[in-house]
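Peer 1: All I have is the shape, not the residue letters:
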């Protein structure tokens, strides 16, 4: 491994440690109180652990699955002491993420083909969708990729301007038809622009009005079809952006969006601003959609690829 890569990995891990600080404090303070005075993992400890996981926004279904895994280990090993609980939890959470199709990513590499690689980004207003697009474009540019961002969120005030600012900042191409235009047409033409200019990547923003609105969901389906008409087989990735600070509401949003379009990857933003980092586990478990990106700070370089091993190790430091 090069000296630069070692430095990058150490810097990434330091950012992640800092980003998960609130979640770790919340989780382990509660866990310590749950096992105080106990020498072995018994039914009472498991009941307390269940409450700790639920209150950390892991979600009921996922919590039950984790508890059942630990119960199986107790039955197999006959005795577990409370000092082992952290390492057991760590092992089971890593396995849970592995079971749910989440790979360990080391960098922002994209496949050599197809070219252009088309990414459609969805999510409600306020989750950090446009910011995530800007940070993705920045990372791809660092890898020497040519990038266009398409301003398909044509209804929200200043959304087009915000994406233009990001494109200028990153130094990538920008495609827009202005405000109050057809988002599907923007998506179609952004793909055509990428093909015509022989670009490597096109990242297309979409409207983020309330996920409960059926017309928005119909609109997403129309945009996806329009992209496919522009380039058969595209989009190659549909990324759902979720705000980790919203906890269980993020899971509800994921339900709505996965029903409307074929989401292939998740980006979780604002992990540094919440004690609800456990939602990462619940979302991964419920939807079997890989978590690909996590936001651990506001700066342009604080978007990371998700690596389950590094994430869990940081969580249990």
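Peer 2: Structure received. Owing to the predicted nature of the structure, the values given are computational and were not obtained by experimental measurement.

Peer 1: I am assuming residue 264 contacts residue 238, so please confirm or correct that.
Peer 2: Yes: between residue 264 and residue 238 there is a contact at 5.2 Å, judged by Cβ atoms under 8 Å. C-beta: built from backbone N, CA, C; applies to glycine.

Peer 1: out of these two, which sits in the more crowded spot?
Peer 2: A side-by-side neighbour count of residue 264 and residue 238, using other Cβ atoms under 10 Å, places residue 238 first with 24 against 16.

Peer 1: isn't there a strand covering the more buried one?
Peer 2: Yes: with DSSP: H, G, I helix; E, B strand; the rest coil as the criterion, residue 238 is assigned to a strand.

Peer 1: Contacts for stretch 38-53 next, please.
Peer 2: 27, 30-31, 33-35, 62-64, 66-67, 70-71, 74, 79-82, 84-85, 278 (Cβ atoms under 8 Å, 6 or more residues apart in numbering).

Peer 1: and whichever strand or helix holds residue 73, which residues are buried?
Peer 2: Assignment of secondary structure by DSSP states H and E places residue 73 within helix 60-77. Neighbour-count burial for helix 60-77 flags 62, 63, 65, 66, 67, 69, 70, 74 (criterion: 16 or more other Cβ atoms under 10 Å).

Peer 1: Let's test this: mean pLDDT of it, rounded?
Peer 2: Confidence over helix 60-77 (mean pLDDT, whole number) is 88.

Peer 1: For the following helix or strand past it, which helices and strands make contact with it?
Peer 2: The helix or strand immediately downstream of helix 60-77 is helix 85-99, counting by DSSP H and E. Contacts defined by 3 or more Cβ pairs under 8 Å, 6 or more residues apart in numbering; DSSP states H and E place helix 85-99 against helix 21-35, helix 60-77, helix 279-287, helix 308-315.

Peer 1: what about 6 Å?
Peer 2: Where contact means 3 or more Cβ pairs under 6 Å, 6 or more residues apart in numbering; DSSP states H and E, helix 85-99 is packed against helix 308-315.

Peer 1: any idea how far the helix it packs on is from the chain center?
Peer 2: Centre-to-centre, helix 308-315 and its host chain are 15 Å apart (Cα atoms, centre = their mean, to the nearest Å).

Peer 1: go on, stretch 96-114?
Peer 2: Here stretch 96-114 is found 12 Å from its chain centre; the criterion is Cα atoms, centre = their mean.
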